[in-house]
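*Asks:* show me the folded form of this:
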Amino acid sequence: MRPDNLKKLFKLTLTKLGKIYFFISITLLLSAIVFYFYTSLKFSVNMPYSDDYDAILDFINKFYTHSDFGYRLYLLFSQFHEHRIVFDRVITLFFFNILGKINFCILSIVGNLGLILIILFLIIFFKKKYGFKLTELTPIAITMLCFSQWELMADFPMASIQQYYELLFSIISIVTFTCEGYGFILGIVFFVLAVFTGGGGLFVSPIVLLYLLLTRQYKRFSTFLIASLIIFYIYFPLLHYISPPIKDTLIFCLKNPTTLLGYMMIFISSAAKNYALIFILAILLILNYLWLLRRKLNKDNHALILLISFIFLTSLVVGLNRIFLGFDSAMFSRYTMYSLFLFSISYISLFLNAKGKKIRSLIALLGLLLSIVLYVGWIQTAYSELSDKQYMLNNFMSYPYQDKAFENIKLAKENGWFIPVQNVYDRTKQEFYLAENIKQLKKYNAPPLLVLTYFYKYPFPFEDKQFQLIVKKYDNINLYGWALDPFGKTTASFLFADIDGKLYPLTYGFPRNDVVKLFKIPQFKFSGFNSNVSIKDLSNGAHEFSLIVVNHDQTAYYQTEKLIFYKETE
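*Replies:* Numbers count the residues shown, from 1 in each chain. Model prediction:
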């Protein structure tokens, strides 16, 4: 065969392979999106979860039981934990007025659309600015759709709306600041949106200010500095920001900087799942970042460097706030979206700075394969976790204060603003009835291994009976552990804290796989509890505490030994 014919055949083969690769890439991308939303809808339950009780349900109750405009405006901008979730609340009001009711399933879909918008923006931006092909950007789309973020996928709309849209607005703000023309104005607009979507939006300011200073854009630097100071003034002193108690955490981090660094490394690569792999990837991500910095901040890398810097700064601040919860908290499902985003940006940086088409093609192929491995690797875990969450939402109110949760559910139901799962509502009514009428049931002393818990950070029961438990925090105590119905060899029906003879319903029914492994009884899975009891109204001094476990059939209850704790107001 002549050389010219060989060249033509080779080119034709490459063209066909290119078309096949394009078809496979697009098919995988569309399949990932469809399967993501199929899973989200499959496990959706129209019930609030965790912070949804405050951020959505309690907000609607307060907003529509008060007609005063000033109070309603205050509610929109009021602080929620460390954040001001104005965007969350605006979205909630918008769909409430359209539907006439709160629908957590719809709100969850809206939250997940934020993730799709992030992916679309990244594809459009990198395609337009750097000339990427769609097939070359498929790996970042599949990576961003990874099931590691299962906590945000279904049944947690407050968090999915806040986190996805905060990240979306922050990305747009940072990127547009590196653009000419109206980019600077758009950057400020999206900075404001990011700030009032979640507290993480504040981190855009120092990143962009440093960038404007280093690139000698002094006029823009001065303008954005003034804009930032105004926003910071509104966010903190004007709206009376209450700072979380992080003094002890700061002191600990200053004394143990390597521990903080370890937390940050886990945070930035938490989607890798395995601790050994997490640290290896974290080192590679840091080295890639340093490599980008050594390229003298050339214009092609400005946006990438700023976006990576934003994630690193986020990991630092989260570490300062959450390190007391341990390294596992850096791997919370909802945090892995930052890790996935960092993986995506690092892939883009490697591809962009690679020399030669062959190397770029190799990076694109490896990126696609690794994104698929990551996506598939999390499916089983996500399905298991989402199935457990679905069970919880269909059986009890997943909020640490049962009394407050029931008040909110009851008020919204009576006003026609929300229709809860009937089983949960009826079960909770029975729970509060028994709290007042527990003596109608037979009483037994709690047998060994019935209850294991932590009482305000202290293990209970105590081996040292002379130990004096002093609670200095005035507002609540946290109770955490598991409880069983040993005679029925199954879970209990209800759990109460008995303080001075008054019963407080506890949030019971969380999955505890460790208990299943301990007893080798699958029916013990949903035996966990994690609940708060308000002691704000208790007087200073000695108080009696015990736990009451109602058996599975609700015919008897078991009571632990009483212990004495002392309340001291700081």
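*Asks:* avg pLDDT for stretch 68-85?
*Replies:* Regarding stretch 68-85, the rounded mean pLDDT is 95.
*Asks:* send me it as CSV with only the CA atoms.
*Replies:* Output of stretch 68-85 as CSV, limited to C-alpha atoms (Å, rounded to 0.1, in the frame of the first residue of the first chain):
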residue,chain,number,x,y,z
ASP,A,68,-44.9,43.4,60.2
PHE,A,69,-42.6,44.3,57.3
GLY,A,70,-39.7,45.2,59.5
TYR,A,71,-39.8,41.9,61.3
ARG,A,72,-40.1,40.0,58.0
LEU,A,73,-37.1,41.8,56.6
TYR,A,74,-35.2,41.0,59.8
LEU,A,75,-36.1,37.3,59.3
LEU,A,76,-34.7,37.3,55.8
PHE,A,77,-31.3,38.7,56.9
SER,A,78,-31.1,37.0,60.4
GLN,A,79,-28.1,34.9,61.2
PHE,A,80,-28.3,31.1,60.8
HIS,A,81,-25.3,29.5,62.6
GLU,A,82,-22.3,31.3,61.0
HIS,A,83,-24.3,32.3,57.9
ARG,A,84,-26.9,34.6,56.5
ILE,A,85,-28.9,32.4,54.2
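*Asks:* list the buried residues of that stretch.
*Replies:* Buried residues in stretch 68-85, counted by 16 or more other Cβ atoms under 10 Å: 76, 78-80, 82-85. From N, CA and C alone the C-beta is placed, and that goes for glycine too.
*Asks:* again, but for stretch 429-441
*Replies:* Quick answer for stretch 429-441 (16+ other Cβ under 10 Å): 431-432, 434-435, 438, 441.
*Asks:* can you check stretch 46-56 too?
*Replies:* Going by 16+ other Cβ under 10 Å, stretch 46-56 has these buried residues: 46-56.
*Asks:* in strands, which of those residues fall?
*Replies:* In strands, judged by DSSP state E, none of the buried residues of stretch 46-56 are found.
*Asks:* of all these, which comes closest to Asp403?
*Replies:* Of all the buried residues of stretch 46-56, Asp403 sits closest to Tyr53, with 11.6 Å by Cβ to Cβ.
*Asks:* was I right to think that closest one contacts Phe406?
*Replies:* No: the criterion here is Cβ atoms under 8 Å, and Tyr53 misses it with Phe406 at 10.0 Å.
*Asks:* please enumerate the shared neighbours of those two.
*Replies:* When Cβ atoms under 8 Å, 6 or more residues apart in numbering defines a contact, the residues bordering Tyr53 and Phe406 alike are Met397.
*Asks:* could you identify the most distant pair in the buried residues of stretch 68-85?
*Replies:* Leu76 and Glu82 (17.2 Å).
*Asks:* so where's this structure uncertain?
*Replies:* 1-18, 295-300, 446-452, 456-470, 472-474, 570 (pLDDT under 70).
*Asks:* of the buried residues of stretch 68-85, closest to Ser398?
*Replies:* Phe80 (17.6 Å).
*Asks:* so what pairs up with that closest one in the strands?
*Replies:* His83 (DSSP bridges).
*Asks:* from the buried residues of stretch 46-56, which is closest to Gly416?
*Replies:* Asn46 (14.5 Å).
*Asks:* contacting residues for that closest one?
*Replies:* Taking Cβ under 8 Å, 6+ apart as the test, what Asn46 contacts is 103-105, 419-421.
*Asks:* out of these, who's the most crowded?
*Replies:* Phe104 (24 neighbours; other Cβ atoms under 10 Å).
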